[in-house]
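Q: Quick one: sequence plus predicted model below, questions after.
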There are 2 protein chains.
Amino acid sequence: MKEKKNDKYSRILEAAIKVFADQGFFQSTISQIAREAEVADGTIYLYFKNKDDILIQFFRNKTKQVFERFEEAVEKGRDAKEKLGNLIRKHLEEFQNDKNMAVVYQTETHQINRLAEDQIKEMSKMYLDLISQIIDQGQEEGSMRKDLYMGLVKRFIIGSVDEVINTWLHANGKYDLVSMADPLLDLLIRGVGNLEHKENESPSQVRQKEN
Amino acid sequence: MKEKKNDKYSRILEAAIKVFADQGFFQSTISQIAREAEVADGTIYLYFKNKDDILIQFFRNKTKQVFERFEEAVEKGRDAKEKLGNLIRKHLEEFQNDKNMAVVYQTETHQINRLAEDQIKEMSKMYLDLISQIIDQGQEEGSMRKDLYMGLVKRFIIGSVDEVINTWLHANGKYDLVSMADPLLDLLIRGVGNLEHKENESPSQVRQKEN
DNA sequence: GTTAAATGAATGAACATTCATTCATAAAAA
DNA sequence: TTTTTATGAATGAATGTTCATTCATTTAAC
């Protein structure tokens, strides 16, 4: 009984996510979702208050679960670098394994007036706290710079992970997303700069090239 | 005569951007835009084919102009680091100076089925090419690492700039966005890692903590 | 047989777009 | 110069369509 009820709830939610991913939330209709879930239009209102509520439930249940798995992944790392790597790898993994979720997540979180504002804020805080912890540990270990502005570091990390996912989505998921994890981690840790380079050598070197 | 015509076109476009920024594209109505622009509903159709066309014109005219100014800013830098700094600073500057544009831009570019797909792709390419050039120059100068995967470096840079802007927008533009440019540039060049740190010291340090 | 779940046609509100009409200005005629 | 005619920008009420949501009825479960 409860099983079956839950089954229909999930079926509708999954169908909605697929339709939202394909068409965008506002262009999706209840009829389309009902057809995709193979239920009648009215049935949807037995499980969800209204259309907005479907999106809110998506963030409250589905996405939040995914984010909780990020915590587990981080815990398995020993030093800060390993933890950051685990976080990024898990993030890419989960999003690669559920492309519809990834599309809806990326789209809706980048809106300004977000329907699921509270849920999104909560998840965002979860993620930001994970990063804080990791950076703190890295600084204690000595593996990470002490002169970091934490607020910015968080954006720096989230932003680049997000963009890697977006690019993959816009390429229709045609390559392996998870393989980006290690090169990205390397960039985050070491940056694009060359250590051996001394600031004031460059202008003359450039001039040499012109000869 | 032509002045006046152009004036009304701009007035409608600006009004639309404001309404889109406040409510999102699909929740905005022609009537709201007309009211904001102080014209009749029908007048809008003398200047734009339909609602979608307003968004397309926004990207075709307004946003594209902004991106062209990025090129000028980059040219003014001498070495690669200066150029990357100029790009980021200009980007933050322009978006800070036109918050409505920033909101619409950030929102629409993160959609999957984008109404202004062609325009967005064109701008994206412009930006990516700028970054390529800068990195190439940095590698020639010796100021940037040679072992960089260019496709990823682009995401790394765009993504973190984007996220810094998004965070600022979600904080209602309550602080100075441009002041983020230099710290962000530093992170992109040097990363979060500590140079002095030797990889294999850390595990024992961590274990010590457990005692 | 009673209760709960599911259905899908019906409802009505919202909204993009159209178009007949107005009106200020410009060109032509006097 | 004054009067008449033509133009086309601007208007906003009317239209037609698209949905979200409801609810009377049917079907299934126990």
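A: Everything's here; your move. Note that the coordinates shown come from a computational prediction; the quantities given were computed from them, not determined experimentally.
Q: How about the residues of chain A by DNA strand D?
A: A:1, A:27-31, A:41-42, A:45, A:50-52 (Cβ under 7 Å from any atom of the strand). Where C-beta positions appear, they are placed from N, C-alpha and C, glycine not excepted.
Q: got any ranges where chain A has weak pLDDT?
A: A:1-6, A:199-211 (pLDDT under 70).
Q: report the longest helix in it, please.
A: Longest helix in chain A, counting residues (DSSP state H): helix A:117-141.
Q: Packing partners of the helix or strand just after it?
A: Counting by DSSP states H and E, the next helix or strand C-terminal to helix A:117-141 is helix A:150-170. On a contact count with 3 or more Cβ pairs under 8 Å, 6 or more residues apart in numbering or on different chains; DSSP states H and E, helix A:150-170 meets helix A:80-97, helix A:99-109, helix A:117-141, helix A:181-190, helix B:150-170, helix B:181-190.
Q: Of all those helices, which one is nearest B:Val66?
A: helix B:150-170 (12.7 Å; Cβ to Cβ).
Q: Same question for the closest one: list its buried residues.
A: By neighbour count, with 16 or more other Cβ atoms under 10 Å in any protein chain shown as the criterion, the buried positions of helix B:150-170 are B:152-170.
Q: ditto for stretch A:184-203
A: With the criterion 16+ other Cβ under 10 Å, stretch A:184-203 contains buried residues A:184-194, A:197, A:202.
Q: Number of residues surrounding the residue in chain A that DNA strand C sits nearest to?
A: Minimum separation of chain A from DNA strand C (Cβ to the nearest atom of the strand) falls at A:Gly42, amounting to 1.7 Å. Neighbour count of A:Gly42, defined by other Cβ atoms under 10 Å in any protein chain shown: 9.
Q: SS state for it?
A: Recorded secondary structure, A:Gly42: helix (DSSP: H, G, I helix; E, B strand; the rest coil).
Q: show me what contacts it?
A: Contacts of A:Gly42 were listed using Cβ atoms under 8 Å, 6 or more residues apart in numbering or on different chains, and none were found.
Q: Also A:Val192?
A: A:Val192 neighbours (Cβ under 8 Å, 6+ apart): B:135, B:138, B:144-145, B:148, B:153, B:156-157, B:188-189.
Q: how about CSV for those residues, with distance to A:Arg35 added?
A: Converted to CSV, those look like this (distance: Cβ to Cβ, whole Å):
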residue, distance to A:Arg35
B:Ile135, 48
B:Gly138, 53
B:Met144, 53
B:Arg145, 52
B:Leu148, 47
B:Val153, 44
B:Phe156, 41
B:Ile157, 43
B:Leu188, 47
B:Ile189, 52
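Q: Is A:Lys174 in a helix, a strand, or coil?
A: coil.
Q: Export the helices and strands packed on helix A:150-170 as JSON lines, with columns for distance to DNA strand C.
A: Shown next, in JSON lines, are those (distance: least, Cβ to the nearest atom of the strand, whole Å):
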{"stretch": "helix A:80-97", "distance to DNA strand C": "28"}
{"stretch": "helix A:99-109", "distance to DNA strand C": "19"}
{"stretch": "helix A:117-141", "distance to DNA strand C": "20"}
{"stretch": "helix A:181-190", "distance to DNA strand C": "40"}
{"stretch": "helix B:150-170", "distance to DNA strand C": "24"}
{"stretch": "helix B:181-190", "distance to DNA strand C": "38"}
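Q: can I assume A:Gly190 is in contact with B:Ile189?
A: Quick fix: residue A:190 is Arg, not Gly. No: using Cβ atoms under 8 Å, A:Arg190 is not in contact with B:Ile189; the gap is 9.8 Å.
Q: Next, show the common contact partners of the two.
A: Taking Cβ under 8 Å, 6+ apart as the criterion, A:Arg190 and B:Ile189 do not both touch any residue.
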